[in-house]
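**Q** Sequence and predicted model, in that order:
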Amino acid sequence: MCGTWLLLDRIDGQHGGNGDVYRCRDTGGATDGMEAAVKILKRERAHQRDRISRFRNEVDFLLRRGSHPGVLPLLDYALPDDPTKPSWYVMPLAVPLVTALGTSPDLSSVVTAIRRIAKTLASLAASGVAHRDIKPDNLFQLNGDWVIGDFGLVKYPEQEQVTRHGRPLGPYFFMAPEMRRDADTADGELADVYSLAKTLWAVAAGRLYPPPGELRSDRPGLRLSSHVTSATASSLDPLLERSTADDPSARPTMDEFAAELSWWSDSSPISIQVDLSGYKEDVRRLWEANAIVREESNDQRLNRLYNEAISRARSALLPLLNAAMGQVGLQSVGSGPRHIEGWSSETYGGGASTPCWGIGTIASPWLAAAIGGVHRSKPVPDLEDTAIVFVLALMTPDSQYTYLREFERFQPGSLRLDRIIEQLASKISVSLPEVLAHFLTACKETGIPR
């Protein structure tokens, strides 16, 4: 017995690290005779303190947010102070997602269910809540609605801190990579996006587990469209690829993920737009669905990753410099000189953005930045040796002075690239006051402006 609830039998699949779930029947409470499910905290000594804290957090969360639409609610509970006595809570008896969808669900039914789950998670994320344990076993159908259960790893504003630094957290086969390394500081919403995308793939493809790593649309075996018969499945492949990116910042938010699924599910014709820019989103989605239709060779993949790295370096560092120059009052004086000393050695090739800023007269010295990537130019396909390069130099008609020169190697596709860009942005910010003072001194000494 758990209070007035009589345990009947264990529910297959409904168990995890924190507790086991049983079917039960009320034998004397306000819901006498009603069947439900009860989750009972495990009482093994290993990790007992963490388990109790997480279980209390879960019950506290359900007491606060259990009435939220799309959340499997709490009916009854017990949290005794005596750790030798069982802690438990009761919830409605819901139908697991996979059971409710059937053995061979059509893709539209799966997307409808996942879209509803995504909208619930987006609504929770807006108030600072992340589930962090999204997988098929924790998703259910209740009274015709799709709901989320098992909030044992939930992160919410009012909770007691439990997660220890460096300890992985989440469902193993559906877990975002950052949750294996930095679960205590990782963005829970973006981790949920990763896990929900993996869940969609596994359920739609009829697999117990999704493939490991990114669901890349340039690999036939990883594309969802390779495993289902729907003619429009290819429209989901780019979304699943973005949502399972190793870099969390490259993933859509949960609200964006839900919006993309809503677009896919909407079978109505594209509405007429008087403002032609209103068609942009439909064009983007359709273009993405057809952008990668064949398997990349290794050289093609390296080239793609190299170009993405250049783009990320420019998009992160150039706005920082533009904003700084705007604060100072310097103006853009067009594209930079053909050559900046220190840009790259003769054995390297690559592309760079070379913006320049000046006082605003043609005779003025230029403060020039070269931002981009380099790789071995001989042979051209060898992009394994790749680096982000940043050079900030004072250009005068007859000389130049280099303030910052960074050459940081990375492997294409490596998460280290984010750290390189972050550290470089920090170094630029620290150095700019001195750089600008030197630059303006040079302008003054050369009699500019005049």
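**A** Right, received. Where do you want to start? Residues are numbered from 1 along each chain as shown.
**Q** where exactly do the strands run in the stretch 251-400 of the chain?
**A** Counting by DSSP state E, counting those that start in this stretch, one finds strands in the stretch 251-400 of the chain at the ranges 331-335, 348-353, 355-358, 366-376, 386-395, 400-410.
**Q** Looking at those strands, which is nearest to residue 283?
**A** Ranking these by proximity to residue 283 (Cβ to Cβ) places strand 348-353 first, at 26.8 Å. For every residue, glycine as well, the C-beta is placed using N, CA and C.
**Q** Please name every helix or strand in contact with that closest one.
**A** The helices and strands touching strand 348-353, judged by 3 or more Cβ pairs under 8 Å, 6 or more residues apart in numbering; DSSP states H and E, are helix 298-328, strand 366-376, strand 386-395.
**Q** Output these as TSV; include the columns mean neighbour count and mean pLDDT.
**A** Formatted as TSV, the helices and strands packed on strand 348-353 follow (neighbours: other Cβ atoms under 10 Å; pLDDT from 0 to 100):
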stretch	mean neighbour count	mean pLDDT
helix 298-328	16	87
strand 366-376	23	87
strand 386-395	22	89
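**Q** okay, the ones you listed in a markdown table with distance to residue 65 next?
**A** A markdown table is the format used below for the helices and strands packed on strand 348-353 (distance: least, Cβ to Cβ, whole Å):
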| stretch | distance to residue 65 |
| --- | --- |
| helix 298-328 | 36 |
| strand 366-376 | 45 |
| strand 386-395 | 43 |
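**Q** got the phi/psi numbers for the residue most central in space within the chain?
**A** What sits nearest the mean C-alpha location of the chain, by Cα atoms, centre = their mean, is residue 248, with 3.1 Å. Main-chain dihedrals, residue 248, degrees, to the nearest 10: phi -60, psi -30.
**Q** right, and the strands of the stretch 251-400 of the chain - which one's nearest residue 282?
**A** strand 348-353 (31.0 Å).
**Q** and that closest one, which strands flank it?
**A** strand 366-376 (antiparallel) (DSSP bridges).
**Q** Now for residue 121, how many residues are close by?
**A** For residue 121, the count of nearby residues is 26 (other Cβ atoms under 10 Å).
**Q** Confirm for me that it is in contact with residue 148.
**A** Yes - Residue 121 lies in contact with residue 148 (Cβ atoms under 8 Å); the separation is 7.2 Å.
**Q** can you give me the strands for the stretch 1-150 of the chain?
**A** Per DSSP E, counting those that start in this stretch, the stretch 1-150 of the chain carries strands over the ranges 5-15, 19-26, 35-41, 76-78, 88-92, 95-96, 139-142, 145-148.
**Q** Tell me which of those strands approaches residue 333 most closely.
**A** Among the strands of the stretch 1-150 of the chain, if distance is taken as Cβ to Cβ, the winner is strand 145-148, at 55.4 Å.
**Q** which residues sit against that closest one?
**A** Contacts with strand 145-148, where a contact means Cβ atoms under 8 Å, 6 or more residues apart in numbering, come from 69-72, 94, 97, 113, 116-117, 120-121, 131, 134, 138-141.
**Q** Try it again at 7 Å.
**A** 70, 71, 72, 94, 113, 116, 117, 120, 131, 138, 139, 140 (Cβ atoms under 7 Å, 6 or more residues apart in numbering).
**Q** same deal with stretch 73-85?
**A** Here stretch 73-85 makes contact (Cβ under 7 Å, 6+ apart) with 2-3, 5, 36, 52, 56, 59, 62-63, 66-67, 87-92.
**Q** Just the buried residues from these, in ChimeraX please.
**A** In ChimeraX, a selection of the buried entries from the contacts of stretch 73-85 looks like this (16 or more other Cβ atoms under 10 Å):
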select :2,3,5,36,52,56,59,62,66,87,88,89,90,91,92
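**Q** Dump the contacts of strand 145-148 to CSV, plus pLDDT and distance to residue 427.
**A** What follows is these, written out as CSV (pLDDT from 0 to 100; distance: Cβ to Cβ, whole Å):
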residue, pLDDT, distance to residue 427
70, 96, 45
71, 96, 45
72, 95, 49
94, 94, 53
113, 97, 48
116, 98, 46
117, 98, 42
120, 97, 42
131, 95, 37
138, 94, 43
139, 96, 45
140, 96, 50
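**Q** hang on, the earlier thing: can you pull the residues that touch both of residue 121 and residue 148?
**A** If you check residue 121 and residue 148 against Cβ under 7 Å, 6+ apart, the residues they both contact are residue 131.
**Q** what distance separates stretch 413-428 from the centre of its chain?
**A** Counting by Cα atoms, centre = their mean, to the nearest Å, stretch 413-428 is centred 18 Å from the centre of its parent chain.
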